[in-house]
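# Have a look at this prediction, sequence included:
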Amino acid sequence: MPGRRALILLLGDSITQLSFSAINAGWGAHLADIYQRRADVLNRGKSGYNTDWFLGYMNTTEGKQDIFGSDHNPLNVRIATIFFGANDASDPILNPRHHVPLQRYKDNLKKIAREVVTHVGHQVKIIIICPPPVHHDTRLKFQIERWGPDKATGELERTLELSGKYATAAAEVAAELNVPHLNLWKEMQIASPGPDEPWSKYLNDGLHLSKEGNIFVGEKLGELIKRHFPELAVTPCPHTAYPANSASVCPELEQMGPWHDHINHTDPLKSFQKKRKLTMEDAAEKPQRSEAAVRAA
């Protein structure tokens with residue numbers, strides 16, 4: 001809509017909820033930095049949730065208002081990330097509370113994608129993020145730190161093998177829906193290979209993202225958007241690498257308010273009244289690659 005800032009919607013579990021962490025350079029904050037003045041990032045991550053619980057919440061009145069907006073126009077959402085699996089992939093015996101069977105997990109991801117398109121509209125670009133790997137030694141160490149040596153079970157309720165199966169399943173759903181995906185389970189291990197599992201640096205407790213892990217996800221998402229949705233990618237200033245000045249460019253997301261160096265100081269009101277080159281309504285009318293696939297899934 002004219003005069004309304006674009007939105008980026010993040011859906012997921014604790015790895016998404018924590019993506020605004022200042023201490024750990026959260027990947028959601030990374031996106032907010034890239035899209036300064038062009039898009040607001042809405043964090044709708046729910047710590048501890050699996051896809052069953054998120055779907056249940058999503059279908060309540062509170063959930064619909066929270067996720068799809070009572071205080072913002074959902075039709076302004078241009079990108080939505082769907083990032084689940086860390087809880088769903090729990091061992092069914094050791095952690096039945098969080099475990100979601102693999103096929104139901106896949107079905108749930110499709111349902112969440114459909115709900116997004118239904119409530120947000122055809123202009124949205126969906127990205128599915130696959131769960132990261134689980135580092136066993138770090139996870140067992142965390143058990144002792146959290147519960148103490150007497151209460152730590154020494155058993156892994158989440159494993160590298162299980163997270164790998166759910167990462168593959170999420171990638172398969174993305175292929176079925178014809179939307180791009182970021183396979184963190186693979187990408188992290190490829191980026192830092194070795195017998196000592198140096199990819200563990202991306203995880204602070206063997207499961208959640210460390211500062212390095214958040215930076216990794218933020219950069220990979222930026223690359224994915226540039227590759228699959230170049231019209232929504234921000235090209236930073238070639239001189240300062242800053243993503244939000246008059247030398248930065250984003251084809252379909254114009255900044256809100258004229259850049260300071262475009263304001264005529266002798267007649268500033270004229271600068272503020274200048275007609276925008278592109279409105280959100282214009283963007284919404286353009287055909288979208290993923291719409292038909294998501295609706296048909």
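On my side now, so go ahead.
# From residue 171, how far off is residue 256?
From residue 256 across to residue 171, the span is 35 Å (C-beta to C-beta, to the nearest Å). All C-beta spots, glycine's among them, are computed from the backbone N, C-alpha and C.
# hmm, I was thinking of residue 178
13 Å.
# Ok, residue 43 next?
For residue 43, the distance to residue 171 - C-beta to C-beta - is 24 Å.
# Likewise for residue 112?
Relative to residue 171, and taking C-beta to C-beta, residue 112 is found at 16 Å.
# quick one, which of those two is more surrounded?
Neighbours per residue (other C-beta atoms under 10 Å) separate residue 112 from residue 171, with residue 112 holding more: 22 against 17.
# Surely residue 105 touches residue 167?
No. Checked against C-beta atoms under 8 Å, the pair residue 105 and residue 167 is beyond contact range at 10.9 Å.
# overlap in contacts of these two?
By C-beta atoms under 8 Å, 6 or more residues apart in numbering, residue 105 and residue 167 have these common neighbours: residue 85.
# Quick one: the helices in the protein, in order.
With DSSP state H, the ranges of helices along the chain come out as 14-17, 27-34, 51-58, 61-68, 102-120, 136-147, 160-177, 184-191, 211-228, 268-272, 280-284, 291-296.
# With residue 248 as the reference, name the closest of those.
Set against residue 248 and scored by C-beta to C-beta, these come closest in helix 27-34, at 9.6 Å.
# Show me what the closest one packs onto, helices and strands only.
The contact analysis (3 or more C-beta pairs under 8 Å, 6 or more residues apart in numbering; DSSP states H and E) places helix 27-34 against strand 6-12, strand 39-45, helix 211-228.
# For these, give me JSON lines that also has mean neighbour count and distance to residue 101.
Shown next, in JSON lines, are the helices and strands packed on helix 27-34 (neighbours: other C-beta atoms under 10 Å; distance: least, C-beta to C-beta, whole Å):
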{"stretch": "strand 6-12", "mean neighbour count": "25", "distance to residue 101": "19"}
{"stretch": "strand 39-45", "mean neighbour count": "20", "distance to residue 101": "23"}
{"stretch": "helix 211-228", "mean neighbour count": "18", "distance to residue 101": "26"}
